[in-house]
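>>> What shape does this take:
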Amino acid sequence: METESTNAKSLKLTDNSLIFMMEIVKWAKFLAICSFVGIGIIALLGVGMIILQFEGQAKGLSPVILGLAYILMSVLYFFPSIYLYRFAAASGDAIEKLNDDILEEGLENLKSLFRFTGISMIIMLSLYAVGIIAVIAAFIIQM
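Purely as a prediction, here's the structure:
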């Protein structure tokens, strides 16, 4: 019985494909770095809101809750950003060295990025659906 890997066909990248991949790598690195900067700003804003609350410069509990929400957002945004950066770094390295194993590592990170984004989208759509149902139920109850 033959294994799947012995039956696998070989995939070769053309010169144009390599050029396209290098451009993809450049944009992926740019977007990942911009994301890291944005994550840092969001996290600093969250920490700043919490510090202002505890120093008595802001009133009420809402700055703490908002600050914690900002910090949580920055943590959640970190994962797709790191997957994108790892994809770009490994893929760029693979293209320079023409190494299939490194390219596979990069594509694995791209898969993780899409999986994380897809699961996040399912969660958000579910929350939207629950919110819409709640609004409709509240409207019906008011009648």
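
>>> who touches the spatially closest residue to residue 18 that is not a sequence neighbour in this structure?
Spatial nearest neighbour of residue 18, chain neighbours left out: residue 95 (5.8 Å); criterion: Cβ to Cβ, 6 or more residues apart in numbering. Glycine gets a C-beta too; all of them are placed from N, C-alpha and C. Listed by Cβ atoms under 8 Å, 6 or more residues apart in numbering, the contact set of residue 95 reads 18, 21-22, 25, 103.

>>> how close does residue 95 get to residue 25?
Residue 95 is 7 Å from residue 25, where distance means Cβ to Cβ, to the nearest Å.

>>> ok, now residue 14?
As judged by Cβ to Cβ, residue 14 and residue 25 stand 16 Å apart.

>>> which one of those two has more residues nearby?
Per other Cβ atoms under 10 Å, whichever of residue 14 and residue 25 has more neighbours is residue 25, with 21 against 8.

>>> Check whether the more buried one really touches residue 88, as I assumed.
Yes: the criterion here is Cβ atoms under 8 Å, and residue 25 meets it with residue 88 at 5.0 Å.
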